[in-house]
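Q: Kindly return the folded structure for what I paste below:
(2 chains)
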Amino acid sequence: MSTTAPPARRKDLLDIESLTREEIVFLLDTARPFKDLFDRSVKKVPALRGKTVLNLFFEPSTRTRASFEIAAKRLSADVTNLAITQSSVTKGESILDTVDTMQSMKVDYMVVRHAAAGVPAFIARHTPAAVINAGDGNHAHPTQALLDAFTMREAVGELAGRRILLVGDLLHSRVFRSVSTVARKLDMEVGIFAPTTLIPSGRPDYMQAFNTFNEALEWSPDFVYLLRLQRERQAAHFFPSLREYHHVFGLTRERFLECRRRGIRIMHPGPVNRGVELVDEVLTYEHCLINRQVENGIAARMAVLYWLQPAVTPLPDEKEEVAS
Amino acid sequence: MSETGETSLLAAPDIRHKIERIAAQIVEAHPDRPLALVGIHTRGAVLCRRVYDILRARGRDTAFGTLDIALYRDDLDNLGTIPSIRGSDLPFPVEGAHIILFDDVLFTGRTIRAALDELVDYGRPARIELAVLVDRGHRELPIAPDYLGQSISTARHDHVRVCFTETDGREGVFLTRSAPQP
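A: Take a look at the predicted model:
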């Protein structure tokens, strides 16, 4: 438990990159007592009573949306879900039109997911509501990274010096970007193992790349983090076949047994493609953290909602735009 | 706003005496009933712990818990810095319990209101009483202590600080007078 003063509140959470180490640690420390609430007879606290949280999803999601919804409701906020389908866009409504409409409903928090990177940041500049990025294109998924860091801390304690191996489609993965960033900010060592076609070109120096899964396991990671394979990538010829992918980059039975022998924790952001990223028996392994990641997502998102502070008045640049 | 220095209201022996008297009054009011003592973070918990130790030494059947009321505050909106949450720890069934709530200073009563709201979210206690070391007045809610160490008359803008060895490295109750804001 830290004794330092809590960091000043922010209006938005758009990525992990802009958070300080102190802010990350504060959010992880705050998520802990939120998780303890789940064992109480009343699982709600009144911290966000009278506030409205809007889940604004331009890209389909069931799990993340449900997680945010439960988090907001346990803080006593009112929640509205809005899934903007392709058809709404073809009706000619721009993102800003949608945000303006929502703003007139006086929402206090907006949880935004969009297939294009940067949309949550764009919306944040145009609304006094606190904006949380729930995944934007290949860019960021900060609450996923926070819940993963929380889960890792819960499993092993202090994370500095611990090793995480990220496996899979790094190129298209906002989870990869956010998780590797949170790991670096918490002084973890980051290893990667991926098809060469799916490694981003500007890979930072602090990541250690491996050529085979066995070589990566020899590095003795504390955590193996399997990224979800987007099946549509196969059509784009980033790799030959799902079978081939599993054979080279998946947690096969043989590799799983090696992980179990070494006591390595297994993580995955879900939903799992069984038989592709991992074999079924991983899910019943004692050090498989995948279900805990889901449970901890609620506590981590509660901590974020508790910390952020919506702006009181319309933002200054909004007025300028009206004036110009 | 000018400060005119710190006045000592209670010294270490006074505090010890007040706490012993609170413990004695609790025993007198509840001769044989199991009690649950709950202290509000941070210094209410220290006060509570000391009374708990006295009751335990007398062989009383007593439970001890702590309450973090941060999430039940009514002013979270306006805070530029959000309070850290340490979490509450009530290792006994609240349902049907006789609870005595502890805080170091009773002022507006808003902290106690928040604590009452939180307690009932854990269950329905048979009864809740309130014990405080210092009552400095200026209540904004209809709340009064059942067990009281010392009542002090203060101005609204004065600052009353309770220091315990466990949390502050020294023992004492201090008053800092502030000129009223224009």
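Q: So whichever residue of the stretch 1-150 of chain A sits closest to chain B: helix, strand or coil?
A: Residue nearest to chain B within the stretch 1-150 of chain A: residue A:33 (3.1 Å; Cβ to the nearest Cβ). No exception for glycine: its C-beta is placed from N, CA and C like everyone else's. Of the three states, residue A:33 takes helix under DSSP: H, G, I helix; E, B strand; the rest coil.
Q: what do you get for residue B:140?
A: Residue B:140 ends up coil, using three-state DSSP.
Q: Report the contact partners of it.
A: Counting by Cβ atoms under 8 Å, 6 or more residues apart in numbering or on different chains, residue B:140 touches B:108, B:109, B:110.
Q: Can you tell me which of those residues comes closest to residue A:80?
A: Residue A:80 has its nearest neighbour among the contacts of residue B:140 in residue B:110, at 30.6 Å by Cβ to Cβ.
Q: Quick check: nearest residue in space to residue B:66, chain neighbours excluded?
A: The shortest distance from residue B:66 to any non-neighbouring residue, by Cβ to Cβ, 6 or more residues apart in numbering or on different chains, is to residue B:45 (4.6 Å).
Q: Isn't that neighbour up against residue B:104?
A: No - using Cβ atoms under 8 Å, residue B:45 is not in contact with residue B:104, being 9.2 Å away.
Q: Comparing the two, which residue is more hemmed in?
A: Shown here are residue B:45 and residue B:104; by other Cβ atoms under 10 Å in any protein chain shown, residue B:45 has more neighbours (27 against 24).
Q: Now do the contacts for that one.
A: By Cβ under 8 Å, 6+ apart, residue B:45 lies in contact with B:39, B:66, B:67, B:102.
Q: quick revisit: please identify which helix or strand holds the residue nearest to residue B:66.
A: Using DSSP states H and E, residue B:45 sits in helix B:43-57.
Q: Tell me which residues of the following helix or strand past that helix come out buried.
A: Downstream of helix B:43-57, the first helix or strand assigned by DSSP H and E is strand B:62-67. Neighbour-count burial for strand B:62-67, counted by 16 or more other Cβ atoms under 10 Å in any protein chain shown, picks out B:62, B:63, B:64, B:65, B:66, B:67.
Q: Turn those into JSON lines, including pLDDT and distance to residue A:108.
A: Listed next are these as JSON lines, based on pLDDT from 0 to 100; distance: Cβ to Cβ, whole Å:
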{"residue": "B:62", "pLDDT": "95", "distance to residue A:108": "43"}
{"residue": "B:63", "pLDDT": "97", "distance to residue A:108": "39"}
{"residue": "B:64", "pLDDT": "98", "distance to residue A:108": "38"}
{"residue": "B:65", "pLDDT": "97", "distance to residue A:108": "33"}
{"residue": "B:66", "pLDDT": "97", "distance to residue A:108": "31"}
{"residue": "B:67", "pLDDT": "96", "distance to residue A:108": "27"}
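Q: sorry, back to before: please tell me how far the residue nearest to residue B:66 sits from chain A.
A: For residue B:45, the distance to chain A (Cβ to the nearest Cβ, to the nearest Å) stands at 14 Å.
Q: now do residue B:151
A: In this view, residue B:151 and chain A are 31 Å apart by Cβ to the nearest Cβ.
Q: Who is that residue paired with across the strands?
A: Following DSSP bridges, residue B:151 is listed with bridge partners residue B:135.
Q: My guess is residue B:112 contacts residue B:143. True?
A: Yes - look at residue B:112 against residue B:143 with Cβ under 8 Å: they come within range, at 5.0 Å.
Q: any common contacting residues for these two?
A: Common contact partners of residue B:112 and residue B:143 (Cβ under 8 Å, 6+ apart): B:106, B:130.
Q: Counting neighbours around each, name which of these two comes out higher.
A: Comparing residue B:112 with residue B:143 by neighbour count (other Cβ under 10 Å), the higher total belongs to residue B:112, at 24 against 15.
Q: give me the element that one is part of.
A: Using DSSP H and E, residue B:112 sits within helix B:110-122.
Q: I'd like to know if that helix reaches chain A anywhere along the stretch.
A: Yes - judged by Cβ under 8 Å from any Cβ of the partner chain, helix B:110-122 and chain A are in contact via B:117, B:118, B:121, B:122.
Q: How many neighbouring residues does the last one have?
A: For residue B:122, the count of nearby residues is 21 (other Cβ under 10 Å).
Q: For it, which non-adjacent residue is spatially closest?
A: residue B:94 (3.9 Å).
Q: give me every residue that touches the one you found.
A: Contacts of residue B:94 by Cβ under 8 Å, 6+ apart are B:36, B:119, B:122, B:123, B:124, B:125.
Q: same thing but 6 Å
A: Counting by Cβ atoms under 6 Å, 6 or more residues apart in numbering or on different chains, residue B:94 touches B:122, B:123, B:125.
Q: Give the buried residues for the helix holding residue B:112.
A: Within helix B:110-122, the residues scored as buried using 16+ other Cβ under 10 Å are B:110, B:111, B:112, B:113, B:114, B:115, B:116, B:118, B:119, B:121, B:122.
Q: for stretch B:80-89, same thing?
A: B:82, B:83, B:84, B:85, B:86, B:87, B:88.
Q: and which of the residues you listed is nearest chain A?
A: Looking across the buried residues of stretch B:80-89 and measuring by Cβ to the nearest Cβ, the closest to chain A is residue B:87, at 3.1 Å.
Q: how about the closest one, what does it touch?
A: Taking Cβ under 6 Å, 6+ apart as the test, what residue B:87 contacts is A:33, A:36, B:68.
Q: Got a ChimeraX select line for the buried ones in the residues you listed?
A: Only the buried members of these end up in this ChimeraX selection, burial being decided by 16+ other Cβ under 10 Å:
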select /A:33 /B:68
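Q: follow-up on the earlier one: hang on, the residue nearest to residue B:122 in a strand?
A: No - assigned with three-state DSSP, residue B:94 falls outside any strand and is coil.
Q: so how many other residues sit close to the residue nearest to residue B:172 when sequence neighbours are not counted?
A: Distance criterion Cβ to Cβ, 6+ apart; nearest residue to residue B:172, sequence neighbours excluded, is residue B:163 at 5.2 Å. Close neighbours of residue B:163, defined as other Cβ under 10 Å, add up to 19.
Q: okay, the residue nearest to residue B:122: pLDDT?
A: The model reports residue B:94 with a pLDDT of 94.
Q: re the thing from before, most widely separated two among the buried residues of helix B:110-122?
A: Most distant of these, by Cβ to Cβ, are B:110 and B:122, 19.8 Å apart.
Q: Turn the buried residues of strand B:62-67 into TSV, including distance to residue A:198.
A: What follows is the buried residues of strand B:62-67, written out as TSV (distance: Cβ to Cβ, whole Å):
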residue	distance to residue A:198
B:62	62
B:63	57
B:64	55
B:65	52
B:66	50
B:67	50
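Q: Can you name the residues of chain B that neighbour chain A?
A: Neighbours of chain A within chain B, by Cβ under 6 Å from any Cβ of the partner chain: B:71, B:72, B:76, B:81, B:82, B:84, B:85, B:87, B:121, B:123.
Q: The stretch 101-250 of chain A: helices as residue ranges?
A: Secondary structure of the stretch 101-250 of chain A (DSSP state H, counting those that start in this stretch): helices at A:119-124, A:142-156, A:174-185, A:213-218, A:232-235, A:242-249.
Q: And residue A:122, how far from residue B:61?
A: Here the criterion is Cβ to Cβ, to the nearest Å. By it, residue A:122 lies 62 Å from residue B:61.
Q: With neighbour numbers in mind, choose between these two.
A: residue A:122 (17 against 10).
Q: tally of neighbours for the spatially closest residue to the more buried one that is not a sequence neighbour?
A: Leaving aside its sequence neighbours, residue A:122 sits nearest to residue A:95 (Cβ to Cβ, 6+ apart; 7.0 Å). Residue A:95 sits with 18 neighbouring residues when counted by other Cβ under 10 Å.
Q: Low-confidence ranges, the stretch 101-250 of chain A, go.
A: A:232-235 (pLDDT under 70).
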